[in-house]
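Visitor: What shape does this take:
(chains A and B)
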Amino acid sequence: MNGLREHLGQSLRLHFRNRMALLYGYLFPLIFLVAFWVLYRHEKIPLIRHMGELLTVSVLGGACFGLPTTLVSERERGVWRRYRLTPLPTWAFVVSTALARYVIILSAGALQLGLALSLGMPLPSHPLDLWVAFTVVSFAFIGLGLVLAMMADNVPAVQALGQCIFLPMLIIGGVAVQLASLPTWAQHVSAFFPGRYAVEALQACVSGGGLGSIGFCLLALALIGVAGCSAGAKLFRWDAAQRFAASSGKLWLVPVLGAWLAVGLLAEVRDRIAVSIDGATVAAPVPVMPAPAPLPPWMKITAKDVAALDFRVPSDGGVVSPFAGPEEEASDYTKDEVEAVRQGLLTWRPGLEGDDVQRVRNLVCVAAVPDSIQQPVERYLPPVVLNHLQEVYPKDKLIKILTWIVLHPEDGNVIDSIADLGVQGTAGDPAVVRERSYLYSLKFILRITGRIDR
Amino acid sequence: METKVRVTGLRKRYGANEALRGVDFTLQAGEIFGLLGPNGAGKTTTLECVLGLREPDAGSVEICGLDARRFPREVKRKLGVALQATALQDKITPREALDLFGAFYSEREPTLRLLERFDLVAKADAAFETLSGGQRQRLALALAFVHRPEVVILDEPSTGLDPQARHELHEEIRRMKRDGYTVLLSTHQLDEAAALCDRVAIIDQGRIVAIGTPHELVSTAAGGQTVRFTASQLIDPAALTRLPGLRALRCEGLSGYFETDEAAPVVTALLVLLAAQGATLWELEVKRSSLEDVFLKLTRPENKSANLPV
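Guide: Residues are numbered from 1 along each chain as shown, chains lettered A, B, ... in the order given. Predicted coordinates for the structure are as follows:
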């Protein structure tokens, strides 16, 4: 244990002395995050919706490039050959190497998360679950990194092999390109890649239902991790003179590939190919022509998805998203405005046009816009909007649509003025309207589902 | 005397190339044993098999009475090793390297003591990449002694060292001898082997072709002393062959060359012969044979019929 601990500590010390490792391991993920943030016009909400992807890219880079590059370069120098002359067993070196890499990846992920929070991203809904999921994701990819290190005869080979894993995972594996926007075949292929499960697991802990909703993902990642780490230990090569092509034990690649295959097949059998975005499930298009019109995605929302929402919302009596109680009466001045809105909603065009989600989104904006510009009437309109919605939509349908809006706050359009309903003023920043719409949608769900009784 | 290393019938084949063809030798406690051979002779493969870096096809290695295949971890605790090219990470310091390697063993020397012994105190916190060749070699030796080994194995330790560093290394190896360590030294530097080793094994084409003390090898394989002379007139070779104790006679014109175990009586007899034939001696060179002569004689294809103490 002493040797393992010392090797772990020394590996970390050497990592932090390596400028290039710091650049690739820490700075690049941060640059990636800032670039993403800038691309999305500095909005806070997209950041939290994509943290799963951003963190997965960081883990992938650290585990599938950083780990094998370090291992192979040390092997080429003869460091591992020298280690082999010591009595410390192979497993201890493998464990300390994997642990050191985990610490490096974890610190890079924490830094990335910290920067996202400082840019205004809301706190993850399940921080402890996020750590657990991050650990399982790291385990899966570190196993993969170990196998790459044992397959690569030199550092350039690490880059080549790493790209063979990295690029497909980014493009068709659900890591950089959202699965919903991929063709059916790619969605099926992605089920065989760990990247998809990594994104899903991390995202569920950042903005979804936490560990309870990602059992399959964790199982898939753990299986891939166990296969990778076991094969990495069995294939371990100490000497640069030992070439992978000439080494025995290549059959250990079979369980590694077998784990990927098993996970993919299990997903197919359990009908898990359907695309999941932020906990909402969208059926993958069925490649049969002529295809029936696909169901609106919000219809796939389940009670489990609703229960998994993060219901931490500001107080009804506060400045942000205020909500008048049933006993509160508007003043004379605002009473007229409230009444005008109540009547106006019946014929208000944005509440009648477009698909169901856009209509409800527009109606939620009737509560969100006055809040964003702090009109005196702001606290009295949310109950009016909620009553209107409950009159127009069946309860179950309304819950699903509102849940969809919560899970996709940046989708569709938002209204920046309800002057046509008699309330003056224009919300300058659509991001604020989206944020308030998100909060009011949650407050509406809380009331409709009886979680609070006001 | 206790046998510390016993290598028996070691064989190793790489495809069609038979690198080791049955290598046998033993090391007694406290001796410095040199493994000498030209490039590709099999000394690196032999050492790798002894160290457990390579699995032999046949044969056995025993270290301090332990079978190296059955008890690899116990054997590694007995061995201190300095490889030919001990490379560590660029940014590691000697102090950290000694702490790290020391942690791999249950019993270890204090780092500071090793730094002092191998004259590395001034460079204790310098990055490995900034160390000179001699300092790196001293660090490699310090790493070999980090756990108080019983047998020390040095693989071509003086390769790439400048004369000063080489001198310091030789002093250190002599100190190992004084401290009672058993040392297996692989080298292709004949003067090094002659100066340091109690016994030497010459390996060629995967076989031990000679083994013994440097003196034994020189006197047995290379003929002890060589004599070259030039006379004032041609000498009858038949008369020369009758001189006592003379071997390997070659005559070219007025010059002659021969080997002998003891030059003095032969030279005396040669002077008598020259005087009897009316000739005078113009030049005379008497030289003791060196290990290099033995080595060249045994490893040159045309010289492999010597009577050897294997």
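
Visitor: for the chain, what's the longest helix?
Guide: I went with chain A, as the question did not name one. Of all the segments assigned as helix in chain A under DSSP state H, the longest by residue count is helix A:90-118.

Visitor: sorry, should have said chain B
Guide: With DSSP H setting the assignment, residue counts place helix B:163-178 as the longest helix in chain B.

Visitor: Off-centre distance for that one?
Guide: Remark: helix B:163-178 is offset 14 Å from the chain centroid, using CA atoms, centre = their mean, to the nearest Å.

Visitor: and if you look at stretch A:229-242?
Guide: In this view, stretch A:229-242 has its centroid 33 Å away from the chain centroid, taken as CA atoms, centre = their mean.

Visitor: start to end distance for it?
Guide: The first residue of stretch A:229-242 is 20 Å away from its last residue (CA to CA, to the nearest Å).

Visitor: in it, what counts as buried?
Guide: Neighbour-count burial for stretch A:229-242, counted by 16 or more other CB atoms under 10 Å in any protein chain shown, picks out A:229-233, A:235-238, A:240, A:242. (Each C-beta comes from the backbone N, C-alpha and C, glycine too.)

Visitor: tell me the contacts of residue 32?
Guide: Going with chain A. In this structure, A:Phe32 makes contact with A:54, A:57-58, judged by CB atoms under 8 Å, 6 or more residues apart in numbering or on different chains.

Visitor: To clarify, I was referring to chain B.
Guide: Taking CB under 8 Å, 6+ apart as the test, what B:Ile32 contacts is B:173, B:176-177, B:182-183, B:185, B:196-199.

Visitor: Find the residue closest to it in space, skipping its chain neighbours.
Guide: Ranked by CB to CB, 6 or more residues apart in numbering or on different chains and with sequence neighbours excluded, the top spatial neighbour of B:Ile32 is B:Val183, at 4.4 Å.

Visitor: same question, A:Ala262
Guide: Nearest non-adjacent residue to A:Ala262, counting by CB to CB, 6+ apart: A:Leu223, 6.7 Å away.

Visitor: helix, strand or coil for that neighbour?
Guide: Secondary structure, DSSP: H, G, I helix; E, B strand; the rest coil: A:Leu223 is helix.

Visitor: Does A:Pro68 lie in a helix or a strand, and which?
Guide: In this structure, A:Pro68 sits in helix A:67-77 according to DSSP states H and E.

Visitor: With B:Val200 instead?
Guide: strand B:199-204.

Visitor: any bit of the helix holding A:Pro68 sitting next to chain B?
Guide: Yes. Under the criterion of CB under 8 Å from any CB of the partner chain, chain B is reached by helix A:67-77 at A:74, A:77.

Visitor: now the angle from that helix to helix A:90-118?
Guide: Between the axes of helix A:67-77 and helix A:90-118, defined by axes from the mean of the first three to the mean of the last three CA atoms, to 10 degrees, the angle is 140 degrees.

Visitor: Which other helices and strands does helix A:67-77 contact?
Guide: Applying 3 or more CB pairs under 8 Å, 6 or more residues apart in numbering or on different chains; DSSP states H and E, we find helix A:67-77 packed against helix A:79-84, helix A:90-118, helix A:127-151, helix A:155-172.

Visitor: ok, 10 Å please
Guide: Packed against helix A:67-77 by the contact rule (3 or more CB pairs under 10 Å, 6 or more residues apart in numbering or on different chains; DSSP states H and E) you find helix A:2-17, helix A:19-22, helix A:79-84, helix A:90-118, helix A:127-151, helix A:155-172, helix A:215-234.

Visitor: Tell me which of these is the most buried.
Guide: The densest packing among the helices and strands packed on helix A:67-77, expressed as mean neighbour count by mean count of other CB atoms under 10 Å in any protein chain shown, is seen in helix A:127-151 with a mean of 24.

Visitor: In the stretch 151-300 of chain B, what residue spans correspond to strands?
Guide: With DSSP state E, counting those that start in this stretch as the definition, the stretch 151-300 of chain B shows strands at residue ranges B:151-155, B:182-187, B:199-204, B:207-212, B:225-231, B:247-252, B:255-260, B:281-288.

Visitor: Now render those as a markdown table, adding mean pLDDT.
Guide: As requested, those are exported to a markdown table (pLDDT from 0 to 100):
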| stretch | mean pLDDT |
| --- | --- |
| strand B:151-155 | 93 |
| strand B:182-187 | 92 |
| strand B:199-204 | 91 |
| strand B:207-212 | 89 |
| strand B:225-231 | 89 |
| strand B:247-252 | 85 |
| strand B:255-260 | 87 |
| strand B:281-288 | 88 |
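
Visitor: In TSV: those strands, plus mean neighbour count.
Guide: TSV is the format used below for the strands of the stretch 151-300 of chain B (neighbours: other CB atoms under 10 Å in any protein chain shown):
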stretch	mean neighbour count
strand B:151-155	24
strand B:182-187	24
strand B:199-204	24
strand B:207-212	21
strand B:225-231	18
strand B:247-252	12
strand B:255-260	19
strand B:281-288	12
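
Visitor: Serialize the ones you listed to TSV and add fields for distance to B:Ala68.
Guide: Shown next, in TSV, are these (distance: least, CB to CB, whole Å):
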stretch	distance to B:Ala68
strand B:151-155	11
strand B:182-187	13
strand B:199-204	18
strand B:207-212	19
strand B:225-231	42
strand B:247-252	43
strand B:255-260	41
strand B:281-288	39
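
Visitor: In chain A, what residue comes closest to chain B?
Guide: Going by CB to the nearest CB, chain B is nearest to A:Glu6 of chain A, at 3.5 Å.

Visitor: now that residue, nearest residue through space, not along the chain?
Guide: Spatial nearest neighbour of A:Glu6, excluding adjacent residues (CB to CB, 6+ apart): B:Ala103 at 3.5 Å.

Visitor: The one you found reaches A:Leu4, doesn't it?
Guide: Yes. Here B:Ala103 reaches A:Leu4: they are 8.6 Å apart, a contact under CB atoms under 10 Å.

Visitor: any shared contact partners between these two?
Guide: A shared contact of B:Ala103 and A:Leu4, defined by CB atoms under 10 Å, 6 or more residues apart in numbering or on different chains, is any residue touching both; here these are A:Leu88.

Visitor: Quick check, A:Lys300 in contact with A:Trp404.
Guide: Yes. With contact taken as CB under 10 Å, A:Lys300 and A:Trp404 are classed as touching, separated by 9.2 Å.

Visitor: So for these two, which sits in the more crowded spot?
Guide: For A:Lys300 versus A:Trp404, neighbours defined as other CB atoms under 10 Å in any protein chain shown are more numerous around A:Trp404 (25 against 17).

Visitor: Just the element for the more buried one, please.
Guide: Short version, using DSSP H and E: A:Trp404 is in helix A:395-407.

Visitor: just to revisit the earlier point, reformat the contacts of B:Ile32 as a markdown table; add distance to B:Lys91.
Guide: As requested, the contacts of B:Ile32 are arranged in a markdown table below (distance: CB to CB, whole Å):
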| residue | distance to B:Lys91 |
| --- | --- |
| B:Ile173 | 30 |
| B:Met176 | 30 |
| B:Lys177 | 35 |
| B:Thr182 | 35 |
| B:Val183 | 31 |
| B:Leu185 | 31 |
| B:Leu196 | 34 |
| B:Cys197 | 37 |
| B:Asp198 | 40 |
| B:Arg199 | 41 |
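
Visitor: Thank you, goodbye.
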